[in-house]
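**Student:** can't give you the sequence, but here's the structure:
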């Protein structure tokens, strides 16, 4: 699971109002190189919750993203490279996603998050 | 409008293509990846991005996952028939719910590939289906955000109002209520009374998922009463049209397309016949009864 995926996940238990972002408990993290696509990065940037993304990258051991960002930084090759790496190359393979409100744990197995709920949570 | 090619046509045209990417780092799962036809490597290898739909020989298989069948081909053919419009729509986020083997989301990604800006998401209630989808994507050198989820659960907040293309080939076969969602491959087709149980749950969330310019493609069979589905969606503010109607030995398939009926632009850019809300019921009725008159399974 890439951090791009993490950025769109939230806890969907009935009644939860503050289910985003999910905390990450990482067991296995892998890096898989892919070609950088600046168009995609510029396109996806405004749709990202930056703080959640940056915090998540910390959980996976990536520490070189700035706290504050503005769209002008997308012209900077070095920033794009770091952004690309954290967003698309670092994968959470095994671990747990944790709801900030309830502590409910969603497993990530073989890189796939499981967001299914039990019947009493729907 | 472009002339629609059938999947068979695509497959036939694709016979000269031998994909250079058969394995990928994403494909490390010990999933069986069955090649239906041996690849002929003596033929020239063309870039995979020339393809406009998934190579059926590279679709991953699993005993508990629904294999691409007439309904999957009808949906991909509908998307291909609408491909020029889809490219003009310039979608940012495409979501397939119930991705199964991954044949449809892979095809959608291939036909929109040259935009290079699109984010693809695929969900399925079956974990093994999600793994199969990922293997199929990887075999085509593609990657999407995949997750195990019930319809759009888990992403409903973060992608609300952002999805430009939503695709759903639901479990539409009429069955007993008990069979709906019991797991395994049965979940891929068991649709409860009139095959509508899962479809109707989906209709409830389409409005919250789709962006203002978003389109929703839905596979139905006659037993689902597609005319009634269009009326339900019309009350929610969506216009609709039939993109493809196809009869097979077992069922009569319709691929329906829905879009918000709020402005003239959205209607025009849909690429279909513009039908006013008041006229649509009779249009659908005419269209359906005309097309259904020859169907074996029409009741």
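**Tutor:** That came through fine. As the structure is a computational prediction, the values presented were derived from the model and not from experiment.

**Student:** distance between the ends of stretch A:106-122?
**Tutor:** Stretch A:106-122 has an end-to-end distance of 15 Å (C-alpha to C-alpha, to the nearest Å).

**Student:** return the distance of that stretch from the chain's centre.
**Tutor:** 16 Å (C-alpha atoms, centre = their mean, to the nearest Å).

**Student:** ok, and what's touching that stretch?
**Tutor:** Residues outside stretch A:106-122 that contact it (C-beta atoms under 8 Å, 6 or more residues apart in numbering or on different chains) are A:1, A:5, A:9, A:11-14, A:22, A:91-99, A:104, B:29, B:125, B:127, B:130-131, B:134, B:146-150, B:153-155. Heads up, the C-betas are built off the backbone N, CA and C, glycines and all.

**Student:** buried subset of those?
**Tutor:** A:1, A:5, A:9, A:11-13, A:22, A:91-99, A:104, B:29, B:125, B:127, B:130-131, B:134, B:146-150, B:153-155 (16 or more other C-beta atoms under 10 Å in any protein chain shown).

**Student:** thinking again about what came up before, return the subset of the contacts of stretch A:106-122 lying in helices.
**Tutor:** A:5, B:127, B:130, B:131, B:134 (DSSP state H).

**Student:** what's the closest of these to residue B:95?
**Tutor:** residue A:5 (12.5 Å; C-beta to C-beta).

**Student:** okay, that closest one and residue A:88: tell me how far apart.
**Tutor:** 10 Å (C-beta to C-beta, to the nearest Å).

**Student:** same check on residue A:122?
**Tutor:** When residue A:122 is compared with residue A:88 (using C-beta to C-beta), they lie 32 Å apart.

**Student:** same deal with residue B:216?
**Tutor:** 28 Å.

**Student:** which of the two has more residues huddled nearby?
**Tutor:** More crowded of residue B:216 and residue A:88, by other C-beta atoms under 10 Å in any protein chain shown: residue B:216, with 24 against 21.

**Student:** doesn't the more buried one belong to a strand?
**Tutor:** Yes. Assessed with DSSP: H, G, I helix; E, B strand; the rest coil, residue B:216 lies in a strand.

**Student:** can you report phi and psi for the residue of chain A found nearest chain B?
**Tutor:** Residue nearest to chain B within chain A (C-beta to the nearest C-beta): residue A:115, separated by 2.9 Å. Residue A:115 adopts backbone torsions of phi -100, psi 10, taken as degrees, to the nearest 10.

**Student:** per-residue confidence for the nearest residue to it once chain neighbours are set aside?
**Tutor:** Computed as C-beta to C-beta, 6 or more residues apart in numbering or on different chains, the closest residue to residue A:115 that is not its neighbour in sequence is residue B:154, at 2.9 Å. Confidence at residue B:154, expressed as pLDDT, is 95.

**Student:** got it, and residue B:24?
**Tutor:** Looking at residue B:24, the pLDDT reads 39.

**Student:** swap in residue B:94?
**Tutor:** So, for residue B:94, pLDDT stands at 97.

**Student:** so which strand or helix has it?
**Tutor:** strand B:93-97 (DSSP states H and E).

**Student:** which helices and strands sit right next to the helix or strand just after that strand?
**Tutor:** Remark: after strand B:93-97, the chain's next helix or strand is helix B:103-111, criterion DSSP H and E. Helix B:103-111 is packed against helix B:70-81, strand B:93-97, strand B:119-124, helix B:127-139, strand B:163-168, with contacts defined by 3 or more C-beta pairs under 8 Å, 6 or more residues apart in numbering or on different chains; DSSP states H and E.

**Student:** ok, the residue nearest to residue A:54 when sequence neighbours are not counted - contacts?
**Tutor:** In space, and not counting its chain neighbours, residue A:54 is closest to residue A:65: 4.9 Å by C-beta to C-beta, 6+ apart. Shown in contact with residue A:65 (C-beta under 8 Å, 6+ apart): A:53, A:54, A:57, A:82, A:83, A:86.

**Student:** out of the helices and strands packed on helix B:103-111, which is closest to residue B:109?
**Tutor:** strand B:119-124 (5.2 Å).

**Student:** in the stretch 51-200 of chain B, what residue is nearest chain A?
**Tutor:** Distances between the stretch 51-200 of chain B and chain A by C-beta to the nearest C-beta are smallest at residue B:154, namely 2.9 Å.

**Student:** check contacts around that residue.
**Tutor:** Residue B:154 touches A:9, A:10, A:11, A:12, A:106, A:113, A:115, B:123, B:147, counting by C-beta under 8 Å, 6+ apart.

**Student:** cool, and residue A:85?
**Tutor:** A:31, A:62.

**Student:** now swap in the one 4 residues further on and tell me
**Tutor:** For residue A:89, the contacting residues are A:2, A:31, A:32, A:33, A:34, by C-beta under 8 Å, 6+ apart.

**Student:** only the buried subset of the residues you listed, as a ChimeraX command please.
**Tutor:** Buried subset of the contacts of residue A:89, written as a ChimeraX selection, criterion 16+ other C-beta under 10 Å:
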select /A:2
